[in-house]
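Undergrad: I'll drop the sequence and a predicted model, then ask my questions.
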Amino acid sequence: TRELVCPTGRSGIGKSARVGRLHAPLDAAGSHLISGKYEQYSHHRPYSAIIQAFGELVRHILSDANDVVQRFREALVTALGTNLRVITDVIADVELLTGPPGEIEDLAPQERRNRFNRTFCDFVRVFAESDRSLVLFLDDVQWADPASLSLLGALLTDSAVRHFVAVIAYRDGDIGPSHPLTLLLHELECGGIPAT
C-alpha cells in the first residue's frame, strides 16, 4: 500500500534521469509522478521540494477538464474540511483549486506540526487512489530540512495512506550514521517499511 524507493550514489551517476524515465509509463497507467528537488542551502525553507512537487500536481489538475477540476475540488474540501488553510498556507496553488479557506485555530508549535502532518496525509489521500497511484520523487534528500523528513515519515507510516510510493534520491556519501535521513530510514525499517 505504501512503498519507499531510494536510488542512491554519488553526484552525476544518473539517479534523477532514471526516475525521470518513469513519467511515460506512469502517465500511461493513469498515475501521477510528481517531483521536487532540495537545494543545499534551503534548510531555512521547510518542505521546499514537497511544495514544489504538489504545486506542480495542482497546476496540472487546474489545466485538466472541468469535471476533473470539480471532482478534485470537492474531494479536497470534503477531506480537509476546516483544516484546508493548513495546506493553502503552505501550497498557495491549492487555493486556486478549492477557493478561499476558512480560519483555523492557532496552536502551540508541536500541536501545529502534528496537525500539519495529519492534514497533509489527508491531502495526499485525495490524490493517491486505487485507480491512480501517486509517486512522489524527492531529489537530493541529503539536504532536506527536518520538517520535510518528519512529514515523509508521517506519510509512510500512516496506514490510511494507500497507493503511495515515495522515491527519494540522495548522495549516500553525504550522510553518516547520525544524519537525520539515516535515522528516518532506520525508524521506517523498524516500523516495517524498508527502503528498496
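TA: Thanks, I have it.

Undergrad: put the alpha carbons of the lowest-mean-pLDDT helix or strand in the chain into PDB.
TA: Of all helical and strand segments in the chain, the minimum by mean pLDDT, DSSP states H and E falls on helix 23-28, at a mean of 76. Taking Å, rounded to 0.1, in the frame of the first residue of the first chain, the C-alpha atoms of helix 23-28 are listed here in PDB:
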ATOM      1  CA  HIS A  23       7.000   9.600 -16.400                       C
ATOM      2  CA  ALA A  24       5.700   8.000 -19.600                       C
ATOM      3  CA  PRO A  25       4.700   4.600 -18.200                       C
ATOM      4  CA  LEU A  26       3.100   6.100 -15.100                       C
ATOM      5  CA  ASP A  27       1.200   8.600 -17.200                       C
ATOM      6  CA  ALA A  28       0.000   5.700 -19.500                       C
END
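
Undergrad: what's it packed up against?
TA: In terms of contacts (3 or more C-beta pairs under 8 Å, 6 or more residues apart in numbering; DSSP states H and E), helix 23-28 is packed against strand 32-37. For the C-beta atoms, the positions are set from N, CA and C on the backbone; glycine is no exception.

Undergrad: what's the strand it packs on packed up against?
TA: For strand 32-37, the packing partners by 3+ C-beta pairs under 8 Å, 6+ apart come out as helix 23-28, helix 48-62, strand 134-139.

Undergrad: this protein: strands as residue ranges?
TA: For the chain, strands defined by DSSP state E occupy the ranges 2-5, 32-37, 134-139, 164-168.
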